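A.B. asks: pasting the structure only:
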């Protein structure tokens, strides 16, 4: 009986162990099932969440607008230019002075002679315009192209002096042998004299200037608000001037009925073409900006000087045949015609500019420009005041030139400059 109870007790213990093991395994398997289920749920939710997120639009960070690559500008110019030089072409004299009793009076270098004509002709302010277009390359924004040009409208200036005989008026010149009836050396031609003749002189001069250039740009330095570019290209400049001198003499009774008008025309043209180098610096100050440009062109200046003139005689009081003949006073067969030559020249230019941006891409500006050309021909410099009237058809009809061939072509050169302010607007896009 004890043995049976002991066996029964051992069986209960083993049965309990088996049941405990089964329950433990079932609990472990249930835990695994719960974990798997949770993973499935999480995976499913993640999949649905990803799908939902894929259906929602992504909010990308906004890109800054592209930098402008084109620019255009236009503005008005208010410039002045270097005055035009002029030799003495009209004098008078003080009555009773040495000049009054020497030759015909009014000769240069004689005490009492008074210069009437100006030594320079001033044009005053010119109006004009300047235009620019440029582009930075999209393939490499360090490089760009720019075209620029300006013009000054044609403008005239002049001088005139007329007399009814008082005061006396003379055209001074230097006379060479044999003289043709005029005193040798410092001499003069009568235009007006008391009781003998009325007359005078009218001088008119005109000027026109324009230029165009094409350049390549290289942005050598860039920083926030600052840019420095190198400029290289070609430049053309055209300067044209004309000068006309009309001298008249009309005899007064009882001297006779006759008039004489001599017209002398001088015109010049300078056509510069050369290679150009320079630098441009730009600085931004909020809505304000400033820029400085310095450039210099080296090249050839093709110079042209044209000279012509004529004399018109009416009436018979001068004792010469009335009519129109070639040559005036400062223009004769010895210098009438056209001459050309090529000369090396230097053309520097500087520009200053201040601007204010009023809206996207639109900007107002004001600035100052100065330009210089080292070697030019100008009309007044081409007048030779040494004369020989022996071959002049109007004053010595039928006679051949005797002595020096004067006046002669001078081809005298000088320098030229233009400067002034500009104001306008530009647009970048």
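C.D. replies: Perfect, thanks for sending it. Note that the structure is a prediction, hence the values are computed from the model and not measured.
A.B. asks: Can you tell me the closest non-neighbouring residue to residue 341?
C.D. replies: Take residue 341 and drop its neighbours on the chain: the residue closest to it by CB to CB, 6 or more residues apart in numbering is residue 303, 5.4 Å away. Heads up, the C-betas are built off the backbone N, CA and C, glycines and all.
A.B. asks: do you know how far the nearest residue to residue 384 once chain neighbours are set aside is from residue 75?
C.D. replies: Distances taken as CB to CB, 6+ apart put residue 407 closest to residue 384, at 3.5 Å, once the chain neighbours are dropped. Separation of residue 407 from residue 75 (CB to CB, to the nearest Å): 44 Å.
A.B. asks: Compare those two (neighbour count), which wins?
C.D. replies: residue 407 (25 against 21; other CB atoms under 10 Å).
A.B. asks: Quick check: the more buried one vs residue 329, distance?
C.D. replies: Residue 407 is 9 Å from residue 329, by CB to CB.
A.B. asks: cool, residue 406 as well?
C.D. replies: 12 Å.
A.B. asks: Touching both of those two, which residues are there?
C.D. replies: Taking CB atoms under 8 Å, 6 or more residues apart in numbering as the contact rule, residue 406 and residue 329 both touch residue 387.
A.B. asks: so who does residue 154 touch?
C.D. replies: Taking CB under 8 Å, 6+ apart, one finds 206-208 in contact with residue 154.
A.B. asks: neighbour-wise, which of those residues leads?
C.D. replies: residue 207 (26 neighbours).
A.B. asks: host element of that one?
C.D. replies: If you go by DSSP states H and E, residue 207 is part of strand 197-223.
A.B. asks: which parts of that strand are buried?
C.D. replies: Within strand 197-223, the residues that count as buried by 16 or more other CB atoms under 10 Å are 197-201, 203, 205-211, 213, 215, 217, 219.
A.B. asks: if I look at the most centrally placed residue in the chain, how far off is residue 165?
C.D. replies: Nearest residue to the geometric centre of the chain (CA atoms, centre = their mean): residue 150, 4.7 Å. Residue 150 is 48 Å from residue 165, where distance means CB to CB.
A.B. asks: re the thing from before, quickly list what the residue nearest to residue 341 is bridged to.
C.D. replies: residue 270, residue 341 (DSSP bridges).
A.B. asks: all numbers from here: first residue = 31
C.D. replies: Let's use 31 as the start, then, which means that last one is residue 333.
A.B. asks: From residue 305, how far out is it?
C.D. replies: 19 Å.
A.B. asks: ok, back up a step: which one's more surrounded, residue 436 and residue 359?
C.D. replies: Remark: of residue 436 and residue 359, residue 359 carries more neighbours, 27 against 19, as counted by other CB under 10 Å.
A.B. asks: residue contacts, that one?
C.D. replies: Going by CB under 8 Å, 6+ apart, the list of residues near residue 359 reads 201, 203, 219, 275, 277, 292, 294, 339, 417.
A.B. asks: Which strand or helix spans it?
C.D. replies: Using DSSP H and E, no helix or strand contains residue 359.
A.B. asks: Now it: closest residue in space, sequence neighbours ignored.
C.D. replies: Nearest one to residue 359, counting by CB to CB, 6+ apart, is residue 292 at 4.6 Å.
A.B. asks: Report the rounded mean pLDDT for the helix or strand hosting that neighbour.
C.D. replies: When elements are assigned from DSSP H and E, residue 292 belongs to strand 288-315. The average pLDDT for strand 288-315 rounds to 97.
A.B. asks: In it, which residues are buried?
C.D. replies: 288-304, 306, 308, 310, 312.
A.B. asks: Repeat that for stretch 190-208.
C.D. replies: By neighbour count on 16+ other CB under 10 Å, the buried set for stretch 190-208 is 191, 193, 195, 197-206.
A.B. asks: Max pairwise distance over those: which two?
C.D. replies: The span of the buried residues of stretch 190-208, defined through CB to CB, is set by 195 and 206 at 29.4 Å.
A.B. asks: quick one on the thing from earlier: let me know the angle separating the strand holding residue 237 from strand 288-315.
C.D. replies: With axes from the mean of the first three to the mean of the last three CA atoms, to 10 degrees applied, the angle from strand 227-253 to strand 288-315 works out at 20 degrees.
A.B. asks: Next SSE downstream of strand 227-253?
C.D. replies: strand 256-281.
A.B. asks: packing partners for that following strand?
C.D. replies: strand 173-193, strand 215-222, strand 227-253, strand 288-315, strand 318-345, strand 392-407 (3 or more CB pairs under 8 Å, 6 or more residues apart in numbering; DSSP states H and E).
A.B. asks: How about the contacts made by residue 161?
C.D. replies: Applying CB under 8 Å, 6+ apart, the residues near residue 161 are 102-105, 178-180.
A.B. asks: Report the beta-bridge partner residues of residue 339.
C.D. replies: Per DSSP bridges, the residues bridged to residue 339 are residue 294.
A.B. asks: Contacts only, for it.
C.D. replies: Here residue 339 is in contact with 292-295, 356-362, 366 (criterion: CB under 8 Å, 6+ apart).
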